[in-house]
Structures are given as structure tokens and as C-alpha cells.
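Visitor: Quick one, what's the 3D model for this:
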Amino acid sequence: MDRNDYTLDDAVTYLNNGSFGPSPRRVQDVRKVWIDRLERQPMQFLTRDLEPALIEAMASLAHLVGTNHSNMAFVDNATFGMNAVASTVPLDENDEVLLTDHEYGAVMRIWRDRCKQTGANVVVQRLPDPLTSPAEMVEKFWEGVTPKTKLIVISHVTSATAAIFPVKEVCQRARQMKIPVCIDGPHAIGMIPVNLDDIDCDFYCASCHKWLSAPFGTGFLYVAPRWQHRVKPTMISWGGSVSGQRPSWQDEFNWVGTRDLSGFLSVPEAIRCLEEHGLERFRSDTHKLAWEGAERIASLTGLSPLIADHETWNGSMITLPIPGEIESGQQHGRRDPLQVSLWEKYRIEIPVFTWKQQRFIRISCHLYNTEEDIDRLETALKELL
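Guide: Model (predicted):
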């Protein structure tokens, strides 16, 4: 697979798969077939055909991530799943939810809101800077655990810093202390191998529109069997099966009102695209290209990558520090001037942002990217920096 298999605008250099990953033409075509079936006979599709098709699609996804399809429900994205977890895990006054200082802003906001409602507290544990070994990272993170810790929330692959965290080791340690763990995993699915049964977390929230290249608005929530009788979506509708299937905890997520589910049913085609290309080949090639871009940017700026040991900590996405002052208001929603200039002058889509009072650029590579994209980015940065 290459850029010809996508419908990306030829005038755009797209190095931001980490934010929004486009689907291949094949996936778009399959989705159109599902939409045609819905529109041709809505009653047949929604009340007779849909649920068996969802089970089949979920079985394909479950095989990819190493669990049984009965442990997973389709949701719109990782944020939807995280909100369901926040509505499920019991919290009382003075309880604590532990996160790292690398967590995604929306996830932080979800748990701060939940803790405000219950009188619990969010604890943000600062990790080593720079990250060196996974063992050191886990030890430092565990300094934030107290007898009041009722939940651990941690990224599998962080959004801002693009670091792959040792989530299995965190879960093993948490299990010994009977602390549930919720993993935020939208960047992991496709980018790195995932085996949920082996990780043994309590919840796993993911999006499929990033590295898996499934349609936008597709994700899943994994719930360990010990929690399935308690979990509920944030939107309540009829629940139950509409086609006479045996009742399941997934029913509440499958039927939250009439909606277009063609994206979920197209996920297996996205998986086939990557598997036919070769998952390990995809991971190796995209990591190699991202690291080449990182080395070139570091050479331009004279600033070292955020994480030097890229083989351990990085996949298809790498974050680099860049020089320059942080403008007033920049941390409150305004785009960095460099990001604006890269788009307006060069038609390069790549995020530039502030994290811990430092400016960063994050390079993401997928099958539609080539060394020419890195060349164009390097040329633009030579002028703009």
C-alpha cells in the first residue's frame, strides 16, 4: 500500500496521522456498500442484519487485539469509552485517581470533572525527564500510589510525547494491590502489537481511525469480565437486542438510538489492508521514516529528541523539541505560529504545540508517507526556524 491507495489531496503533505488518520480507498468503498444496504431496506438492515454483522466485525477486531469479542463493545472513539468508564468506577470523597503528567488533555478533563462530582481527587504523577528505562518509569509512577488510590488511568501510547508506556507491568503491579486500571489506547491499535488478555487491564479505550485507518467515528471499549455487569454508556436508550440475540452488556452500547454504524462494519476491511501489507512491515517502515524525520529536525534545531532510545519508547510517531518563545495565549487554544506557517506557506499538516513550557513538533508517518514528505518538511523548517 502507498499514497495511491488513499484519497488524500495531492497538494498536501500530511504528517499528522496521529490526530486524524484517513482511510484507504478500499475501506471507504466497503463503507459505502454498508450504507447502501441500510438505505435500501432500513428495517431489514437495522432489526435483522445489523447485530450479527456487528458481532462478526467485532470478532475480527478482537482477534487483532488479543481477546474475545464478548469483552468488547464498539464506541465512537476512545473519549466515548473513557466517559463510560468514568460513569462506572465508584468514587467517594477523598478517593484518588492516579494519572501521569503525559496524559491527554481530554482524559485529564474527564477525570477532573468526575472527581469534582464525587469529592475525589486527581493525582498527576510526574515521570522521569527524560524517560530512560521502563522499570524506572514504573517505579516513579508508583510513588503516586497511596491507600486512597481507587483507579489508575494511563496511556498505552501518549499523545503529546508519543511514548509507548509499559502498561502490562503497571497492570501486574496494580493487580497485586487490587487497583483497577483503565488504559487510554487510541494510538496503540495498529501501531504496536496489543494483547488485551495478556495485559490484563480492567478497561481499555481506543480509537480505530488513527493507525488502523478505519473510518472516522470508530473505536472500542474493552471491559474485563469482572466489570461487565456494571458498565453503562453515558447515553441510555432501549438497550437489549433488537433482533432476538441473547442479552449482553454490549447491547447498551450497540443500540443508543438510530445511527449510521457502517464505520464499525468496515473495521475488518481496515484490518485486512494492514495485514495484507504486513503488520510488522508497516510498523518497521513507519517507525524508520518517523525516526529519519526526527533526526533531521534535531540536526536543524540542535535539540535532542524528547526520548533518545527510540526503539524502546517510540512507534510510528515521534515528538521533538523546537526553539522559540511561547506566545501569550498560545496554551489556550491558539495554534502555534510555526504550525500556521507550515500550512499556509507549504501545505504541510503537522502539529506544533506546547508541553511543560516547551515547544514541540510531532511527526507521524503512515503508509501514504514517503521520504519526499520528510524532505519537504526539512526544507520548510530550514526557512521558518
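Visitor: what's V242 in contact with, if anything?
Guide: 46-47, 50-51, 255 (C-beta atoms under 8 Å, 6 or more residues apart in numbering). Yep, even glycine has a C-beta here, placed from its N, CA and C like the rest.
Visitor: What of V27?
Guide: Here V27 is in contact with 213-215, 266, 269-270, 273 (criterion: C-beta under 8 Å, 6+ apart).
Visitor: Could you check stretch 116-125 and say which residues are buried?
Guide: Buried residues in stretch 116-125, counted by 16 or more other C-beta atoms under 10 Å: 118, 120-123, 125.
Visitor: Mind picking the two most distant members of those residues?
Guide: Greatest spacing in these, by C-beta to C-beta: T118 and Q125 (20.2 Å).
Visitor: which two from the contacts of V242 end up farthest apart in space?
Guide: Farthest pair in the contacts of V242, by C-beta to C-beta: T47 and W255, 10.2 Å.
Visitor: Show me which of those two is the more surrounded one.
Guide: Just comparing T47 and W255: by other C-beta atoms under 10 Å the higher neighbour count belongs to W255, 20 against 13.
Visitor: quick one: the more buried one from Q245, how far?
Guide: Taking C-beta to C-beta, to the nearest Å as the measure, W255 falls 11 Å from Q245.
Visitor: which residues of the stretch 101-250 of the chain fall in strands?
Guide: 121-125, 149-155, 181-184, 203-207, 219-223 (DSSP state E, counting those that start in this stretch).
Visitor: what about the ones you listed, which gets the closest to V352?
Guide: strand 149-155 (20.5 Å).
Visitor: what is the mean pLDDT for stretch 87-102?
Guide: If you average the pLDDT over stretch 87-102, you get 97.
Visitor: Name the residues of it that are buried.
Guide: Neighbour count says stretch 87-102 has 88-89, 91, 95-102 buried, by 16+ other C-beta under 10 Å.
Visitor: cool, stretch 374-385 as well?
Guide: Here stretch 374-385 shows 374, 376-377, 380-381 as buried, counting by 16+ other C-beta under 10 Å.
Visitor: Okay, and which of the residues you listed map to helices?
Guide: 374, 376-377, 380-381 (DSSP state H).
Visitor: Closest one to T67 out of those residues, please.
Guide: For those, the minimum distance to T67 (C-beta to C-beta) is 36.2 Å, reached by I374.
Visitor: Figure out how far stretch 100-119 is from the centre of its chain.
Guide: 17 Å (C-alpha atoms, centre = their mean, to the nearest Å).
Visitor: Can you tell me what sits against it?
Guide: Counting by C-beta under 8 Å, 6+ apart, 79, 82-83, 86, 91-95, 97, 99, 120-122, 124-127, 141, 153-155, 158-161, 163, 165, 184, 356 sit against stretch 100-119.
Visitor: at 6 Å instead, please
Guide: 79, 82, 86, 91, 93, 97, 121-122, 124-127, 158-159, 161, 184 (C-beta atoms under 6 Å, 6 or more residues apart in numbering).
Visitor: Widest-spaced pair of those?
Guide: E93 and T161 (32.5 Å).
Visitor: quick one, strands of the stretch 251-385 of the chain?
Guide: Using DSSP E, counting those that start in this stretch, strands in the stretch 251-385 of the chain cover 317-321, 348-349, 352-355, 358-364.
Visitor: helix/strand/coil for D10?
Guide: Taken by DSSP: H, G, I helix; E, B strand; the rest coil, the conformation at D10 corresponds to coil.
Visitor: Neighbours of it, how many?
Guide: Count around D10 with other C-beta under 10 Å applied: 7.
Visitor: With A298 instead?
Guide: Neighbours around A298, by other C-beta under 10 Å: 17.
Visitor: switch to numbering from 47
Guide: Done: numbering now begins at 47, and the last item shifts to A344.
Visitor: Spit out the contact partners of the residue nearest the centre of the chain.
Guide: Closest residue to the average C-alpha location of the chain: P232 at 1.3 Å, with C-alpha atoms, centre = their mean. Residues in contact with P232 (C-beta under 6 Å, 6+ apart) are 124, 252-253, 256.
Visitor: now the nearest residue to it once chain neighbours are set aside: how far from S387?
Guide: In space, and not counting its chain neighbours, P232 is closest to S253: 3.7 Å by C-beta to C-beta, 6 or more residues apart in numbering. S253 sits 29 Å away from S387, taking C-beta to C-beta as the criterion.
Visitor: which of these two has more neighbours?
Guide: S253 (28 against 15).
Visitor: for A252, what are its contacts?
Guide: Contacts of A252 (C-beta under 6 Å, 6+ apart): 124, 231-232, 235, 265-266.
Visitor: now L137
Guide: L137 neighbours (C-beta under 6 Å, 6+ apart): 164, 166, 196.
Visitor: Which residue ranges make up the domains of the chain?
Guide: Split into domains by automatic domain parsing, the chain comes to 75-320, 324-430.
Visitor: circling back to that earlier point, which members of the contacts of V73 occur in helices, if any?
Guide: Using DSSP H, the contacts of V73 in helices are 315-316, 319.
Visitor: For R219, state which of those residues is nearest.
Guide: The nearest member of the ones in helices among the contacts of V73 to R219, counting by C-beta to C-beta, is A316 at 33.6 Å.
Visitor: show me the contacts for that closest one.
Guide: 73, 258-260.
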